[in-house]
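Enquirer: 3D, please:
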Amino acid sequence: MKRLFAILIILAVVWAPSVALAHPHFNKTITCALPGGAEATLAYNTTPANMTHAETAKVGEFVTPRRPSLKLSAAVTAGSATLPAGEYTIGVIKNGPNDFVMALYKGGLARGATPDMANVIKLDSAYSGNAGSADHMLIDITPGKGKFEGKAVLTLHFGTLFLEGALS
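Expert: Down below sits the predicted model:
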């Protein structure tokens, strides 16, 4: 019995610090009212930024780190596209080594599933590779500036990849 107790103590001493120092990742939900009255809800996980995924993505491929989602309570005009109310998976499409566009996939996307590109909507986007670095994915809806002045803008910051996509 003493030996079992000693083993349990040793395991607790070795295991407890690793749990206490574990790096947390958070599930985040952000809700806001868009111009025009639609409510937008973002849901995502603060996954670590792994630029290898962006670098190895194929040109023309829809890539989504951990399948973040956007839910719209009503239709929203995004440039020349109309986004009906519903759920969308947030992602990017690689146009070239240093060129990405923000895109939404209609509906949820199962882990490992290959998206049907007919269900992908490209947003009017602005890409930057020099907006600093985000160690973990950050997604938000912010007021636009520059070419997006006066619009609601979906932003995605993942490592050095920073994208803005107009939602209104």
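
Enquirer: Touching, Pro65 and Leu138? I think so.
Expert: No - in this structure, Pro65 is not within contact of Leu138 by C-beta atoms under 8 Å, at 11.2 Å. Where C-beta positions appear, they are placed from N, C-alpha and C, glycine not excepted.

Enquirer: Find residues that contact each of these two.
Expert: Shared contacts of Pro65 and Leu138, defined by C-beta atoms under 8 Å, 6 or more residues apart in numbering, are found at Phe158.

Enquirer: Between these two, tell me which one has more neighbours.
Expert: Ranked by neighbour count (other C-beta atoms under 10 Å), Pro65 and Leu138 place Pro65 first, with 22 against 15.

Enquirer: and that one, how far is that from Ser168?
Expert: 24 Å (C-beta to C-beta, to the nearest Å).

Enquirer: swap in Ala49?
Expert: 27 Å.

Enquirer: swap in Glu61?
Expert: 27 Å.

Enquirer: ok, the two, which is more surrounded?
Expert: Ser168 (19 against 13).

Enquirer: Would you confirm that that one contacts Ala74?
Expert: No - taking C-beta under 8 Å as the definition, Ser168 is not a contact partner of Ala74, at 11.7 Å.
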